[in-house]
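Visitor: Kindly generate the corresponding structure for this input.
(chains A and B)
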Amino acid sequence: MSFDAELDAKGLNCPLPILRAKKAIAELSAGQVLKIVATDPGSVKDFEAFCKQTGNELLSSSEAGGAFEFMIKKS
Amino acid sequence: MAKRLSAEERRASIITVAKRLFAKTGFHGVSIDEIVKEVGVSPAILYRHFESKEELYQAVLQEFSATRESYVETVVADDIGFEQVLRGMTTVFVASIMNHPDMLKMEMHSQLEGSTASQEFFLNRWKSFTDYIEFNLTELQTQGKIKPINAQAAALMYQGIIREVLLLKCMQPTDRLKDTPVALLVDEVITLFMKIIEPKRK
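Guide: Here you go, the predicted structure:
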């Protein structure tokens, strides 16, 4: 899946990955995609809640080798 | 004789009793025998659900992590600053611990007992704060918005004062600050904390 910007939030606990994603999304145009990589297991629920509240679209959420990857499309 | 429960209900009832006992005397202070006696089952039934005391302890921690605080609502608001987020996060965290004081008690026991796994679990909950404070104070300094400050020491200090408030309100039956509600106390200590983070004069 292609993306327009990437955010490395590895090693950070909630809410930092969310706050940094919020900042990164603010810099994107509508329709662009942000990829986020995090290691906090709580980030899965957090990004679901984040997208629900902000209206941005969570395109995918996956796990590989202890890291969680999210693709968020700016609405 | 305990009434018949489903396997799931039985498991939950064991966890509830174990949580209370672990909070009271720590991991090493409780035996499987004491737990089964309180639950009203035989050791064989407990071992059907949990292979060992370690596994039961982990299950209790697991249950706490299901009550993990969500800070999302606090941080998605527009144009929210460092102090507002910190206040919001702290309110969520303090309310959660006040609802589960056993978690704080188990944390204190775990500090003394020195099990790496459980210490990591509890430390991780505080890490939300220390990460947040360290990251933001470093960023605010880079942007020249605040005077130079040791961000790590500030984060440690914050963890210390909030933990002390929780210890006072959850664990120590004392008259000290008895008439000050926890929310007000937290509010006051955050105000004091913010005073050490001086904005840089133009």
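
Visitor: which secondary structure elements does the strand or helix carrying B:F121 contact?
Guide: Per DSSP states H and E, B:F121 falls inside helix B:116-142. Other helices and strands packing on helix B:116-142, by 3 or more CB pairs under 8 Å, 6 or more residues apart in numbering or on different chains; DSSP states H and E, are helix A:16-26, helix B:53-66, helix B:82-99, helix B:101-113, helix B:151-170. All C-beta spots, glycine's among them, are computed from the backbone N, C-alpha and C.

Visitor: Packed most tightly, which of those would that be?
Guide: Among those, ranked by average contacts under mean count of other CB atoms under 10 Å in any protein chain shown, first place goes to helix A:16-26 (a mean of 20).

Visitor: what's in contact with that helix?
Guide: A:5, A:7, A:9, A:12, A:34, A:36, A:38, A:40, A:43, A:46-47, A:50, A:54, A:56, A:72, A:74, B:71-72, B:75-76, B:85, B:128, B:131-132, B:135 (CB atoms under 8 Å, 6 or more residues apart in numbering or on different chains).

Visitor: Just want the residue of chain A that's nearest chain B.
Guide: In chain A, no residue comes nearer to chain B than A:P15, which is 3.9 Å away by CB to the nearest CB.

Visitor: how much space between that residue and B:I196?
Guide: 22 Å (CB to CB, to the nearest Å).

Visitor: Between the two, which has more neighbouring residues?
Guide: A:P15 (31 against 12; other CB atoms under 10 Å in any protein chain shown).

Visitor: Please tell me I have it right and the more buried one contacts B:V85.
Guide: Yes. Using CB atoms under 8 Å, A:P15 is in contact with B:V85, at 7.2 Å.

Visitor: which residues do those two both contact?
Guide: With CB under 8 Å, 6+ apart as the test, A:P15 and B:V85 both reach B:T74, B:V75, B:Y132.

Visitor: Which one of these is nearest to B:L185?
Guide: The closest of the shared contacts of A:P15 and B:V85 to B:L185 turns out to be B:T74 (CB to CB; 19.5 Å).

Visitor: pLDDT score for that closest one?
Guide: What the model reports as pLDDT for B:T74 is 84.

Visitor: For it, give me its contacts.
Guide: Per CB under 8 Å, 6+ apart, neighbours of B:T74: A:P15, B:I80, B:V85, B:G88, B:M89, B:T91, B:V92.

Visitor: just curious, which of the residues you listed is nearest to B:L184?
Guide: B:T91 (11.7 Å).

Visitor: could you pull out the helices for chain A?
Guide: A:16-26, A:43-54 (DSSP state H).
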